[in-house]
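Engineer: My questions are about this predicted structure, shown below with the sequence.
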Amino acid sequence: MRPLLRHALRFGLACLLLFVALALARATIALGGATEVRRDGLPALLGFLGVVGVFCLGFRGRRAYIFGHELTHWLVAKAFRRRTGAFRIGKNGGSVYVEDPNAVITLAPYFVPLFSLIWIGLYGVYLAIAGYPSNGASFLFAVGLGATYGFHVALTAWALALGQQDLLHCGRPLSVAIIALGNVVILFLAAVVVSGRWGAGMVLLGQCLRDQWQLIGRGHVAFWHGLRRMLGK
């Protein structure tokens, strides 16, 4: 495939993914009004802001992030049945060999909140043992979930700001779009699970997609109408 055509297709796909990501973000915000989401959202927000604040004060937790980053590459590679090799973790970076990695394997650490998933797993073990959770346990879980997700967001933004070779796998615009979509999908699923509004979530998503498409259509018509008027003068 010619480079120009490849870049054009990647840019078009990036625009499509960002279009879907925006609709998912709007649906997630709408779901945020549910009682269950508001109840668990405040302690989660406190945990999130606390970790982001600590990060801004200078604590990076780089080794933990690097370990989680490379482990995510490895886990997703195994999910795609790819062969893996040497796994290296250092103070300033790490690496893991993956045979024939695809875009999902390459970009997974930027949208898969590994430590949040581990925290959810630990909470699941607690529920299996204790049964119904106490109010204190639920509060602690929500705070920990927000904190681990804050760690993911802060370190991901920091790593991307430094520049990552992973983004070159399928080009920066498409890579950024995949990362944005992946992160919003996680938030949308979290809001749907917490609220229990699976049907309403899908309806909201469909409405947001339709509204955005209609807005683009109206903008397209207005643009050509204005252009014709300008050329006719």
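Structural biologist: Looks like it came in fine. Predicted model only: the values in this text are computed from it and were never measured. Numbering: from 1, shown residues only.
Engineer: Please name the nearest non-neighbouring residue to the residue positioned nearest the centre of the chain.
Structural biologist: Geometric centre of the chain, nearest residue: Asn183, 1.0 Å, by CA atoms, centre = their mean. Leaving out its chain neighbours, the residue that sits closest to Asn183 by CB to CB, 6 or more residues apart in numbering is Phe111, at 4.8 Å. For the C-beta atoms, the positions are set from N, CA and C on the backbone; glycine is no exception.
Engineer: tell me the contacts of that neighbour?
Structural biologist: Ile178, Ile179, Leu181, Gly182, Asn183, Val185, Ile186 (CB atoms under 8 Å, 6 or more residues apart in numbering).
Engineer: which residues touch the residue nearest to the centre of the chain?
Structural biologist: Going by CB under 8 Å, 6+ apart, Asn183 touches Tyr110, Phe111, Val153.
Engineer: again, 10 Å this time
Structural biologist: Asn183 sits next to Ala21, Leu24, Ala25, Tyr110, Phe111, Val112, Pro113, Tyr149, His152, Val153, Thr156 when contact means CB atoms under 10 Å, 6 or more residues apart in numbering.
Engineer: Max pairwise distance over the contacts of Phe111: which two?
Structural biologist: Spatial extent of the contacts of Phe111 (CB to CB) is set by the pair Ile178 and Ile186 at 12.8 Å.
Engineer: Would you mind telling me which of these two has more residues around it?
Structural biologist: Ile178 (25 against 19; other CB atoms under 10 Å).
Engineer: Please look at the more buried one and Val184 and confirm they touch.
Structural biologist: No: Ile178 lies out of contact with Val184 (CB atoms under 10 Å); the separation is 11.1 Å.
Engineer: Show me whatever sits in contact with both of those two.
Structural biologist: Residues touching both Ile178 and Val184 by CB under 10 Å, 6+ apart: Leu17, Leu18, Ala21, Phe111.
Engineer: Nearest to Ile66, out of the residues you listed: which one, please.
Structural biologist: Nearest member of the shared contacts of Ile178 and Val184 to Ile66, counting by CB to CB, is Phe111, at 17.0 Å.
Engineer: And the pLDDT at that closest one?
Structural biologist: Looking at Phe111, its pLDDT reads 90.
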